[in-house]
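Enquirer: sequence first, then the predicted structure, then my questions.
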Amino acid sequence: MFGYTFQWNQALARLPKMLDGAVVTMEVAVLSMLIGILCAILLTLLRLSGSRSLRAVATGWVEVARNTPALFQIYMAHFGIASFGIHLSPFVSLLIGITFNNAGYLAENFRGALKAIPDTQIRAGRSLGMSQTQAFRYIIVPQMLRISFLPMTNQMVWAVLMTSLGVTVGLNSDLYGVTQDLNALTFRTFELFAIAAVIFYIITKIITLSARLIAARLFRY
Amino acid sequence: MTKITIIAALIAATGFAGAAKADKLDDIISSGTLRCAVVLDFPPMGMRDANNEPIGFDVDYCKDLAKVLGVEAEIVETPFPERIPALMSGRVDVGVASTSDTLERAKTVGFSIPYFAFEMVVTANDKSGITSFESMKGHTVGAVAGTFEGIALEKQVKAWGEGEYRPYQTQADVFLALSQGQLDATVSTSTVAMASVNSGKFDGISVVGKAPFDTDYVALFASRNEYGLINYLNLFVNQQIRSGRYAELYKKWVGGTLPSLTVPNAYR
């Protein structure tokens, strides 16, 4: 099939560099999720707000984030913003791009979760003497996060995989960027990318398994 | 055993022997098509004309090779990082893709003798104040990921110990980032730099000087074990120079002094 002999030791010798890249990939994914969740809660609130213009902003964000390719969003965060004279490093551009995407998807998850919580709970809270904010914060948000916890891990996995788009904005310290650089240097394409795929798989597997463990602990009724 | 079985067996045996002997060069000749990996984001070596047809030095070089082989040329566009996967997966037969013949890469693919040589120049954003290679120190610089000059520049930035190196995926992205001021300077082949500066697509950038990197010799490549094909490629490159076609193509696409393809005081 291939006119090619696989030389795994040539690629495995570069494994430490790739693992360093995996750390950067995790950094981007974790940061983008943390900031993304905060943004998504904000978006959810905006979409519930009375102001039409605020609702429009939030809906616009969610629509663009969900209906355009992540590649486009990341590219815009680097080259698009730069045409207004704002220069961001590749790391920050990638982080903003993925965060934007995360926030859009998570806001949609949160909206679905909110729909699953009966309105009467707010009224029950209010009748117990809570303010609107208190009722939202102590009754609705915890349930919302609980319902949308597993979809959130899904988004986290997606965030990890999206870091591979960082190469388009000049990032070469993440796992995919490191692999790409090593590939250019050695041309050991198949070995290097096979190793990268395994590392990506392990990372995402760890995320889903630990999310399940956390869920089992946090959400005992 | 009957005579017929023996004869059938003999025919089968010769058939198999024939099949085993046919190498890549035979395959190309019998298929009637030569598929070349060419980078079409690398003017003037490979680019597209107004009708979106591939043109450039590498495109003509592939067509010349197909002509002497007596087959049709098929240009397969491959961005820089995808040249090798294209070859390994059998999508192309030969790479005519301005590929630097490093020893590290030669462990994976087979290179012909050099068919072209690049000089490296520094192109800077006019606002950056960079006037030479040395004055890039401490600035944000970039180049195309995985190219000869990209690898050399990254090493240089590390040696300087200050500034930042950013690799982009395509030459167009590098010059876009440079004209936006995201990069202060880039090192690229002189041919690409002139073509990009003169294209009028990128404002506020100019070529400021030479980069003191080694001459970047680039070679044709094929699967490493296809000696028959590599042997043919070597002779082809030699004949292109002998026949004056190399000089002709150089004048057509690049212009200026013809770079020598031999290393002084060395064989091959």
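Expert: Perfect, thanks for sending it. All values reported here derive from a predicted model rather than from experimental measurement.
Enquirer: could you pull up the mean pLDDT of the helix or strand containing A:Pro16?
Expert: In this assignment (DSSP states H and E), A:Pro16 forms part of helix A:15-48. The average pLDDT within helix A:15-48 is 95.
Enquirer: now do that helix: distance to the chain's middle.
Expert: Computed by CA atoms, centre = their mean, to the nearest Å, the chain-centroid distance of helix A:15-48 equals 5 Å.
Enquirer: quick one: the helix or strand where A:Leu213 lies near chain B?
Expert: Here A:Leu213, judged by DSSP H and E, is contained in helix A:189-218. Yes - Helix A:189-218 is in contact with chain B by CB under 8 Å from any CB of the partner chain, via A:Thr189, A:Phe190. Every C-beta, even on glycine, is put in place using the N, C-alpha and C of the backbone.
Enquirer: now that helix against helix A:15-48, angle please.
Expert: Interaxial angle, helix A:189-218 versus helix A:15-48 (axes from the mean of the first three to the mean of the last three CA atoms, to 10 degrees): 50 degrees.
Enquirer: quick one: list the elements packing against helix A:189-218.
Expert: Using 3 or more CB pairs under 8 Å, 6 or more residues apart in numbering or on different chains; DSSP states H and E, the elements in contact with helix A:189-218 are helix A:8-12, helix A:15-48, helix A:149-162, helix A:175-186, helix B:83-88.
Enquirer: is any part of stretch B:75-84 close to chain A?
Expert: Yes - against chain A, stretch B:75-84 shows contacts by CB under 8 Å from any CB at B:Phe80, B:Pro81, B:Ile84.
Enquirer: which ones are touching A:Phe200?
Expert: A:Val160, A:Leu161, A:Ser164, A:Leu175 (CB atoms under 8 Å, 6 or more residues apart in numbering or on different chains).
Enquirer: and those residues, which two are the farthest apart?
Expert: Spanning the widest gap among these are A:Leu161 and A:Leu175, at 10.3 Å by CB to CB.
Enquirer: who's more crowded, the two?
Expert: Under the criterion of other CB atoms under 10 Å in any protein chain shown, the comparison of A:Leu161 against A:Leu175 puts A:Leu175 first, with 27 against 16.
Enquirer: ok, now which ones touch the residue nearest to that one when sequence neighbours are not counted?
Expert: Nearest non-adjacent residue to A:Leu175, counting by CB to CB, 6 or more residues apart in numbering or on different chains: A:Gly21, 3.9 Å away. By CB under 8 Å, 6+ apart, A:Gly21 lies in contact with A:Ser173, A:Asp174, A:Leu175, A:Tyr176, A:Gly177, A:Val178, A:Thr179.
Enquirer: tell me the residue of chain A that sits nearest chain B?
Expert: Residue of chain A nearest chain B, by CB to the nearest CB: A:Ala184 (2.3 Å).
Enquirer: you'd agree that residue is up against B:Pro79?
Expert: No - using CB atoms under 8 Å as the test, A:Ala184 is too far from B:Pro79 to be in contact (11.4 Å).
Enquirer: just the pLDDT for the residue nearest to the spatial centre of chain A.
Expert: Nearest residue to the geometric centre of chain A (CA atoms, centre = their mean): A:Ala159, 3.3 Å. We note a pLDDT of 96 for A:Ala159 in this prediction.
Enquirer: re earlier: so which bits of the helix holding A:Leu213 are buried?
Expert: Buried residues in helix A:189-218, counting neighbours by 16 or more other CB atoms under 10 Å in any protein chain shown, are found at A:189-193, A:195-196, A:199-200, A:203-204, A:207, A:211.
Enquirer: would you mark the buried spots in stretch A:118-125?
Expert: Quick answer for stretch A:118-125 (16+ other CB under 10 Å): A:Ile122, A:Gly125.
Enquirer: ugh, typo on my part, it should be stretch A:143-156
Expert: A:Met144, A:Leu145, A:Ile147, A:Ser148, A:Phe149, A:Pro151, A:Met152, A:Thr153, A:Asn154, A:Gln155, A:Met156.
Enquirer: now those in JSON lines, with pLDDT and distance to chain B?
Expert: Listed next are these as JSON lines, based on pLDDT from 0 to 100; distance: CB to the nearest CB, whole Å:
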{"residue": "A:Met144", "pLDDT": "89", "distance to chain B": "39"}
{"residue": "A:Leu145", "pLDDT": "86", "distance to chain B": "38"}
{"residue": "A:Ile147", "pLDDT": "90", "distance to chain B": "40"}
{"residue": "A:Ser148", "pLDDT": "91", "distance to chain B": "35"}
{"residue": "A:Phe149", "pLDDT": "91", "distance to chain B": "36"}
{"residue": "A:Pro151", "pLDDT": "89", "distance to chain B": "32"}
{"residue": "A:Met152", "pLDDT": "92", "distance to chain B": "31"}
{"residue": "A:Thr153", "pLDDT": "93", "distance to chain B": "30"}
{"residue": "A:Asn154", "pLDDT": "93", "distance to chain B": "28"}
{"residue": "A:Gln155", "pLDDT": "95", "distance to chain B": "26"}
{"residue": "A:Met156", "pLDDT": "95", "distance to chain B": "26"}
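Enquirer: save those as JSON lines, and put in distance to A:Ile35 too.
Expert: Shown next, in JSON lines, are the buried residues of stretch A:143-156 (distance: CB to CB, whole Å):
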{"residue": "A:Met144", "distance to A:Ile35": "18"}
{"residue": "A:Leu145", "distance to A:Ile35": "16"}
{"residue": "A:Ile147", "distance to A:Ile35": "21"}
{"residue": "A:Ser148", "distance to A:Ile35": "17"}
{"residue": "A:Phe149", "distance to A:Ile35": "18"}
{"residue": "A:Pro151", "distance to A:Ile35": "18"}
{"residue": "A:Met152", "distance to A:Ile35": "13"}
{"residue": "A:Thr153", "distance to A:Ile35": "17"}
{"residue": "A:Asn154", "distance to A:Ile35": "18"}
{"residue": "A:Gln155", "distance to A:Ile35": "13"}
{"residue": "A:Met156", "distance to A:Ile35": "13"}
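Enquirer: and of the residues you listed, the nearest to A:Arg14?
Expert: The closest of these, once distances to A:Arg14 are taken by CB to CB, is A:Met156, at 26.9 Å.
Enquirer: any weak-confidence spans in chain B?
Expert: Along chain B, the parts satisfying pLDDT under 70 run over B:1-21, B:268.
Enquirer: where does the residue nearest the centre of it fall, phi/psi-wise?
Expert: Nearest to the geometric centre of chain B sits B:Ser98, at 1.4 Å (CA atoms, centre = their mean). Backbone torsions of B:Ser98, given as degrees, to the nearest 10, read phi 50, psi 50.
Enquirer: nearest to chain A: which residue in chain B?
Expert: Residue nearest to chain A within chain B (CB to the nearest CB): B:Gly146, separated by 2.3 Å.
Enquirer: sticking with that residue, tell me its helix or strand.
Expert: B:Gly146 belongs to no helix or strand, assigned by DSSP H and E.
Enquirer: what's the closest non-adjacent residue to it?
Expert: Using CB to CB, 6+ apart, the nearest residue to B:Gly146 is A:Ala184, at 2.3 Å.
Enquirer: would you mind naming what in the stretch 101-250 of chain B lies close to chain A?
Expert: B:102, B:104-105, B:107-109, B:142, B:145-147, B:150-151, B:164, B:166-169, B:173, B:176-177, B:180-182, B:223-226.
Enquirer: okay then, goodbye and thanks.
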